[in-house]
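Enquirer: coords please:
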Amino acid sequence: MNRIQQKLRYLLATALIGWLAINSAVVSEADPSNPGTRKSPDWLRSAVVYEIFPRNFSKEGDFNAITARLDELKDLGVDILWLMPIHPIGEKMKKGSMGSPFAVRDFYAINPDYGTTNDFKRLIEEAHKRDMKVIMDIVAGQTAWDSVLMEQPEFYQKDTNGVIIPPNPGWADVAGLNYANQDVRSYMIGMMKYWLRDFGVDGFRCDVAPTVPVDFWEAARTELEKINPDVIILADAGAKPALLSKAFDVDSSWGMVYTLDKVMSSVEPAYYMRESWEHTDQQFPKGALHLRFTDNHEETRAVARYGMDGALAAQVLMLTLDGVPLFYNGMEVGDATESTDPALFEKMPVFWHPGGRPPLRDIYRDLIKLRKQYAAFYNGDVVWLQNTAPGEIVSFERQDAKDEFLVLINLSSRRVTGSVELSNMEGFVPVNINGTPNPVDTLLPDFSLTGYGWYIYHRTVTK
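Expert: Have a look, this model is predicted:
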């Protein structure tokens, strides 16, 4: 089992523990003594994150190739660029021919394959000119085996024989850092301050955040806010409300990803999506913000897992639910190049001009515009609705004081007809999304959806 599979198992096991927890565990999270969730900035709630693996984003595999495509990303509707680790990669114990970017040799340096410090600064400056923010991936729990920090063996976790060990037995290419050592904490905070202060990055995505003590992340945030009060920090974690209390702005909704995989493979019915969402809503304090995604560097591409139409339907769900939607590089063209293992350890660039795809970029651009235009999608309520085909169809409303949107998505490959439980059907009109067909000639509350079909309806709230 490779590192990605081990990590996914760890994160999903954490989510499943929460899923299976008895009611008393949920009540404890809602206890008045719970400090709750930090207030994330309002702009983040309407934002779209775009994850980039610099090595595979282009054939060149460098910062300049990213800078050259900033206008395309801005046109798509991207607000935040998340760069996977940009540091030199360890050679000792590396996986594949190139090694994992998560096996960092020097946290203060830039991978020479990606370019120079000036190239990186230019990327950040050009992104800022387009009102986009840039966050770096930080792998705080581990280093490569030939890291510069190996000169200080007291920085590392050790077994009973005093031998340095990985943070997880399955992650053979990395060594675990020891956060019981205060010097480790000071070093890592100083490093994050360096990138924030000297390069102007806007924040960090923190890999496997639960492997590092929560109080470290809270201390780090306090120090980082002294440099940039608006710093944003994303936690690679699920089912850990404490991380969102003081340290992080948003986490990764791994429980929902796990449920989506089960539903899309017909192992579980579609109504499990609602149950997963409701469980998280009960587990976390009100206002908690979650990253919504179907595709990233740790998953086989969504188009390979779900098929082209299924991948689109799944991403429509993530764009219309609450939370912060994520795109992984190449999603907007339906790229099916390998991801995770082996692409994490090899050079396997995105193929930007595949044939036989629907106009995904146009569809996603329109959906992002819709989401940004109406606050109901990012500040409004999620109201789940019953329907007569709960095994295949998810149905819900997004609403605020001004607007209501009805979303119907078929998460199966079969055509499904039925009706949605809607007390008032007056005024709903289909939303026109470029590149998609209009709803067939049925009147709400009835619907007829092709395999992986979806419709969005809108009406203005009348007083």
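Enquirer: got the residue ranges for the strands in the stretch 251-400 of the chain?
Expert: Taking DSSP state E, counting those that start in this stretch as the test, the strands found in the stretch 251-400 of the chain are 290-292, 324-328, 381-384, 393-399.
Enquirer: In CSV: those, plus distance to G418, mean neighbour count and mean pLDDT.
Expert: Placement of C-beta: from N, CA and C, glycine included. What follows is those, written out as CSV (distance: least, Cβ to Cβ, whole Å; neighbours: other Cβ atoms under 10 Å; pLDDT from 0 to 100):
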stretch, distance to G418, mean neighbour count, mean pLDDT
strand 290-292, 25, 24, 97
strand 324-328, 27, 25, 98
strand 381-384, 15, 14, 97
strand 393-399, 7, 23, 98
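Enquirer: would you list those in a markdown table and tack on distance to F447?
Expert: Listed next are the strands of the stretch 251-400 of the chain as a markdown table, based on distance: least, Cβ to Cβ, whole Å:
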| stretch | distance to F447 |
| --- | --- |
| strand 290-292 | 23 |
| strand 324-328 | 24 |
| strand 381-384 | 16 |
| strand 393-399 | 8 |
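Enquirer: closest one to E91 among those?
Expert: With Cβ to Cβ as the measure, strand 324-328 is the member of the strands of the stretch 251-400 of the chain nearest E91 (27.0 Å).
Enquirer: Give me the helices and strands touching that closest one, please.
Expert: Counting contacts by 3 or more Cβ pairs under 8 Å, 6 or more residues apart in numbering; DSSP states H and E, strand 324-328 packs against strand 49-52, strand 290-292, helix 302-320, helix 360-373.
Enquirer: of these, which approaches L149 most closely?
Expert: strand 49-52 (26.1 Å).
Enquirer: need the next SSE after the closest one, C-terminal direction.
Expert: helix 54-57 (DSSP states H and E).
Enquirer: Can you spell out which helices and strands pack onto that following helix?
Expert: Helix 54-57 packs on helix 63-67, going by 3+ Cβ pairs under 8 Å, 6+ apart.
Enquirer: Report the rounded mean pLDDT for the following helix or strand past the helix it packs on.
Expert: On the C-terminal side of helix 63-67, the nearest following helix or strand under DSSP H and E is helix 70-76. Across helix 70-76, pLDDT averages out at 98.
Enquirer: what do you get for stretch 345-355?
Expert: pLDDT averaged over stretch 345-355 gives 95.
Enquirer: And the contacts of it?
Expert: Applying Cβ atoms under 8 Å, 6 or more residues apart in numbering, the external contacts of stretch 345-355 come out as 55-59, 61, 94-100, 329-330, 333-338, 342.
Enquirer: Nearest residue to D119 in space, ignoring adjacent ones along the chain?
Expert: F63 (4.2 Å; Cβ to Cβ, 6 or more residues apart in numbering).
Enquirer: from what I can see the one you found touches K121, true?
Expert: No: F63 is beyond contact range of K121, at 9.3 Å (criterion: Cβ atoms under 8 Å).
Enquirer: which one of these two has more residues nearby?
Expert: F63 (26 against 15; other Cβ atoms under 10 Å).
Enquirer: contacting residues for that one?
Expert: P54, Y114, G115, D119, F120, R122, L123.
Enquirer: Check T143 too.
Expert: G90, A103, V104, R105, F107, L149, M150, V174, A175, L177.
Enquirer: Show me the one of the strands of the stretch 251-400 of the chain that comes nearest V263.
Expert: strand 393-399 (8.6 Å).
Enquirer: next SSE after the closest one?
Expert: strand 403-410.
Enquirer: can I get the contacts of F63 in TSV with secondary structure?
Expert: Output for the contacts of F63, formatted as TSV (DSSP: H, G, I helix; E, B strand; the rest coil):
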residue	secondary structure
P54	helix
Y114	helix
G115	coil
D119	helix
F120	helix
R122	helix
L123	helix
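Enquirer: Closest to E392 out of the residues you listed?
Expert: P54 (39.1 Å).
Enquirer: What is the neighbour count of the closest one?
Expert: Residues near P54, counting by other Cβ under 10 Å: 24.
Enquirer: ok, the closest residue to it other than its chain neighbours - contacts?
Expert: In this structure, P54 finds its nearest non-sequential neighbour in Y114, 5.2 Å apart by Cβ to Cβ, 6+ apart. Residues near Y114 by Cβ under 8 Å, 6+ apart: P54, R55, G61, D62, F63, I86, F120.
Enquirer: how close does the fifth one get to N410?
Expert: When distance is defined by Cβ to Cβ, to the nearest Å, F63 is 41 Å away from N410.
Enquirer: do the same with V416
Expert: Relative to N410, and taking Cβ to Cβ, V416 is found at 5 Å.
Enquirer: just K226 next, same as before
Expert: 50 Å.
Enquirer: what about the two, which has more around it?
Expert: Neighbour tally, K226 and N410, criterion other Cβ under 10 Å: the higher count belongs to N410, 26 against 11.
Enquirer: sorry, back to before: hmm, which of the contacts of T143 are the buried ones?
Expert: Neighbour counting over the contacts of T143 (16 or more other Cβ atoms under 10 Å) leaves G90, A103, V104, R105, F107, L149, M150, V174, A175, L177 as the buried ones.
Enquirer: so the fourth one makes contact with I86?
Expert: This means R105. No: using Cβ under 8 Å, R105 is not in contact with I86; the gap is 12.0 Å.
Enquirer: Tell me who's in contact with the nearest residue to F53 once chain neighbours are set aside.
Expert: Distance criterion Cβ to Cβ, 6+ apart; nearest residue to F53, sequence neighbours excluded, is M84 at 4.8 Å. M84 is in contact with E51, I52, F53, P54, P101, D137, H297, counting by Cβ under 8 Å, 6+ apart.
Enquirer: Could you look up the SS state of the most far-flung residue of the chain relative to its centre?
Expert: Ranked by distance from the centre of the chain (Cα atoms, centre = their mean), the top residue is N161, with 38.6 Å. Under three-state DSSP, N161 falls in the coil class.
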